[in-house]
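# Provide a 3D model corresponding to the input given below.
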Amino acid sequence: MGLCVVQLVRGKLWHSRGLLWILMLTLPFAFIANTSGWMTTELGRQR
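Next up, the predicted model:
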C-alpha cells in the first residue's frame, strides 16, 4: 500500500499496469483474513 501511495503522489499509479494487477489480485485477502479471524474467535468461544 505504501508503494501505491508513492505512485499516486507521483501521478504514475494509473499508468503502472503491473501494480494495478497486484492490487486487484490481493483484494480478496482482506476478506479471507477477516473471516478467518472471526471463525477462530467463534470456535474458541465454543470450547
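# just the helices in this structure please.
Remark: helices assigned in the chain by DSSP state H are 2-10, 17-46.
# rank those helices by mean pLDDT and give me the bottom one.
With a mean of 91, helix 2-10 has the lowest mean pLDDT of the helices of the chain.
# in it, what counts as buried?
In terms of neighbour count (16 or more other CB atoms under 10 Å), helix 2-10 has its buried residues at Gln7. C-betas here are computed from N, CA, C, even on glycine.
# got the angle between it and helix 17-46?
140 degrees (axes from the mean of the first three to the mean of the last three CA atoms, to 10 degrees).
# State the distance from the closest residue to Ser16 other than its chain neighbours to Trp14.
Counting by CB to CB, 6 or more residues apart in numbering, Gln7 is the residue found nearest to Ser16 once chain neighbours are left out, at 6.1 Å. Per CB to CB, to the nearest Å, Gln7 is found 9 Å from Trp14.
# Trp38: how many residues sit nearby?
Applying other CB atoms under 10 Å, we find 10 residues neighbouring Trp38.
# what's the answer for Met1, then?
Neighbours of Met1 (other CB under 10 Å): 7.
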